[in-house]
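# What follows is a predicted protein model with its sequence.
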Amino acid sequence: MSSILERSFKVLEHLAPHPEGKALSSLASELDMPLSATHRLLAELVRCGYVRQDHSQGNYMLTIKLVSLGLSHLSATGVVDIAQPLLDRLAVESGELVRLAVVDGDELTFVAKAQGAVRGLRYDPDMGLSVNLSCSSAGHAWLSTMSDEEALALVSRQGFGQPEDYGPNAPTTVKELLAYLRTARQQGFSTIVEVFAPAMAAMAAPIRRGNGTVLGVVTIAGPLVRLTPERMQALGPALLDTTHDLAMASGGSALLRKRG
């Protein structure tokens, strides 16, 4: 049986992608929890300030308290202060969305971004989310720094993403994934086309300390109509320069320093 703490986190995670909130009955049904237990958990989360109830409709929704905690943590680590100028520089050069993800145990989590697109299509997915390793340029870049065995063990724990949830070229077999990783190792950075999402392309490179420790990855992502395979190859040197500069500056961030 799940602990109260585990069930509380499940409620918070389930509410996160629903800014309009969820009804008590929907939450209980979707989480397969008794209605009375779900109501008690929500009451405690409301009391603690992490959830509020919209009295006009009765839905429960997250407050910004969790966001505030996350932003306070990032501010204290110094990672955004160090990374932002470098991300801004790469965003201007690429004209696309640039993001930084940091290694957190067995996961990558996006923590900072810079938008380089000033007109036309703008790609800007949610921040603060864990990265799907098999279906993202960030995941491929990180996995490419490991042995095949280590990479596959990590993906097996998370599971392969499916094309219906990502892009039509999302790898669903070991053979397909390893082909992406081999290319990333040869280039020094990963490239994907319609893997994370239809009509989208992305590239990423790992941030490595001098001892080989991978601190995170930097990604460039945008519409395929602009971010073509040829354009990604041309941006490779600028991406690698950014990850090199971040690795050199990582000693100024507690979040990155402790991963070294």
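Looks like it arrived, so ask away.
# Which residue ranges make up the domains of the chain?
The record assigns the chain these domain ranges, following automatic domain parsing: 4-66, 76-257.
# What's the mean pLDDT across the helix or strand harbouring residue 155?
Counting by DSSP states H and E, the element that carries residue 155 is helix 148-158. Averaging pLDDT along helix 148-158 gives 95.
# What is that helix packed up against?
helix 137-143, helix 174-187 (3 or more C-beta pairs under 8 Å, 6 or more residues apart in numbering; DSSP states H and E). Quick note: C-beta positions are derived from backbone N, CA and C, even for glycine.
# Export those helices to TSV and append columns for distance to residue 7 and mean neighbour count.
Below are the helices and strands packed on helix 148-158 laid out as TSV (distance: least, C-beta to C-beta, whole Å; neighbours: other C-beta atoms under 10 Å):
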stretch	distance to residue 7	mean neighbour count
helix 137-143	29	30
helix 174-187	33	16
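# So which of those helices is nearest residue 103?
Residue 103 sits nearest to helix 137-143 of all the helices and strands packed on helix 148-158, at 6.9 Å, using C-beta to C-beta.
# I would like the residues contacting that closest one, please.
99, 101, 103, 108, 110, 131-133, 151, 154-155, 177, 180-181, 184, 189-192, 195-196, 202-206, 214, 217, 219, 221 (C-beta atoms under 8 Å, 6 or more residues apart in numbering).
# go with 6 Å
With C-beta atoms under 6 Å, 6 or more residues apart in numbering as the contact definition, helix 137-143 has outside contacts at 101, 108, 131, 133, 151, 180-181, 184, 190, 192, 202-206, 217, 219.
# thinking again about what came up before, can you put the helices and strands packed on helix 148-158 in JSON lines and add distance to residue 10 and mean pLDDT?
Formatted as JSON lines, these follow (distance: least, C-beta to C-beta, whole Å; pLDDT from 0 to 100):
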{"stretch": "helix 137-143", "distance to residue 10": "24", "mean pLDDT": "97"}
{"stretch": "helix 174-187", "distance to residue 10": "29", "mean pLDDT": "97"}
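# Would you mind giving the ones you listed as CSV with distance to residue 116 added?
Supplementary listing: the helices and strands packed on helix 148-158 in CSV, determined by distance: least, C-beta to C-beta, whole Å:
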stretch, distance to residue 116
helix 137-143, 16
helix 174-187, 21
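# Out of those helices, which gets nearest to residue 50?
Shortest distance between residue 50 and the helices and strands packed on helix 148-158, using C-beta to C-beta, is found for helix 137-143: 28.2 Å.
# Can you give the distance of the closest one from its chain's centre?
On the basis of C-alpha atoms, centre = their mean, to the nearest Å, helix 137-143 sits 11 Å off its chain's mean C-alpha point.
# re earlier: most tightly surrounded among the domains of the chain?
Ranked by average neighbour count under the criterion mean count of other C-beta atoms under 10 Å, the domains of the chain are headed by domain 76-257 at a mean of 19.
# so where do the helices sit in the stretch 1-150 of the chain?
4-15, 24-30, 35-47, 65-77, 79-94, 137-143, 148-158 (DSSP state H, counting those that start in this stretch).
# So for residue 58, which of those helices sits nearest?
Of those, the one closest to residue 58 (C-beta to C-beta) turns out to be helix 24-30, at 7.3 Å.
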